[in-house]
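A.B. asks: here is a sequence together with a model predicted from it:
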Amino acid sequence: MDKQNISVLVVESEPESLKHAIELLQENSMVSNIESAADSDQALLKIIDCAPDIVLLEYPGTGNSGKQLIKFIQTKLNETTIVLISKTKENAANAIHLEIFNYLLKPVSKDELEKVITNVNLYKQTNIQTRINQIIEKIPDDTRLKLQTSKGYLIVAPDEILYCKADGIYSELHLTNDQIELSYQSLSKLDEILGQYNFLRASRSIYINLKYIRKIYRNTSTIVLSREGKEYEVKGSRNHIKNLSQFDAD
């Protein structure tokens, strides 16, 4: 079988168990990327970058961020499958309580792990094909951007973005349909992507579509964006407001 694109993060504190899991994953042709973390604290930092399809999570594990890690995956990475790995069957009830329905006993069985990977791969391929079909049917022949979000990928035209707002290491995409998408790309990365499409920084944390500027209030460093009769206020900075001096201000 040709290699697919299944990525896996193994969160395991026991060196032998970690080595065993990685060896099994390396033997599986559907797995293309393997990351590891010794505890939940490391995993919480790493998962932001790798956004894995599967997280093999030692339970109970080490670190202070176990619950936060599970909650983050379930709320921000809802296409990621969590698989709890434990030494005893007694912890299976805890897995169900946490709304995690994939549970493997140590030492991990090759056949059981392969079943999980196969199911995730089938689910992923089905979702990809569905998204492709939707894109082909609905998107006209114009400029479209592919931006990584907490739900997967957002296919969007530059003019459908009113402004972007930094949210820690993430960015909020405020769209013209009044929806807000959480992007894994930082504001600096979005700056690189959107800079060629008439976007400009209004402050360190706000990046606006110049097309929708209606008013600029220099005394309060406020910018009013307008579309179809609706107005949206964002706060700029004095230094960045100077870059907008070509627009009329009240």
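C.D. replies: Cool, the structure landed.

A.B. asks: surely Leu104 is in a helix?
C.D. replies: No - counting by DSSP: H, G, I helix; E, B strand; the rest coil, Leu104 falls outside a helix, being strand.

A.B. asks: give me the nearest residue to it, chain neighbours excluded.
C.D. replies: Ile85 (5.0 Å; Cβ to Cβ, 6 or more residues apart in numbering). Just so you know, the C-beta spots here come from the backbone N, C-alpha and C atoms, and that holds for glycine as well.

A.B. asks: where does that neighbour land in three-state SS?
C.D. replies: Ile85 is classified as strand under three-state DSSP.

A.B. asks: quick check, pLDDT for it.
C.D. replies: The model reports Ile85 with a pLDDT of 87.

A.B. asks: how much space between it and Tyr217?
C.D. replies: 56 Å (Cβ to Cβ, to the nearest Å).

A.B. asks: looking at those two, which is more packed in?
C.D. replies: Ile85 (24 against 14; other Cβ atoms under 10 Å).

A.B. asks: for the more buried one, list each beta-bridge partner.
C.D. replies: Legend: beta-bridge partners of Ile85 under DSSP bridges are Glu58, Leu104.

A.B. asks: I'd like the distance between it and Ile213.
C.D. replies: Taking Cβ to Cβ, one finds Ile85 at 53 Å from Ile213.

A.B. asks: same deal with Val10?
C.D. replies: 48 Å.

A.B. asks: check Gln125 too.
C.D. replies: Counting by Cβ to Cβ, the gap from Gln125 to Ile213 is 43 Å.

A.B. asks: and for Ser86?
C.D. replies: Distance from Ser86 to Ile213, by Cβ to Cβ: 56 Å.

A.B. asks: same check on Lys106?
C.D. replies: 59 Å.

A.B. asks: lowest-confidence helix or strand of this protein?
C.D. replies: Here the helix or strand of the chain ranked lowest by mean pLDDT, DSSP states H and E is helix 92-97, holding a mean of 65.

A.B. asks: just the endpoints, please. Distance across stretch 29-43?
C.D. replies: Stretch 29-43 has its terminal residues 24 Å apart, counting by Cα to Cα, to the nearest Å.

A.B. asks: an error on my part: the question was meant for stretch 206-213.
C.D. replies: Across stretch 206-213, first to last residue, Cα to Cα, it's 13 Å.
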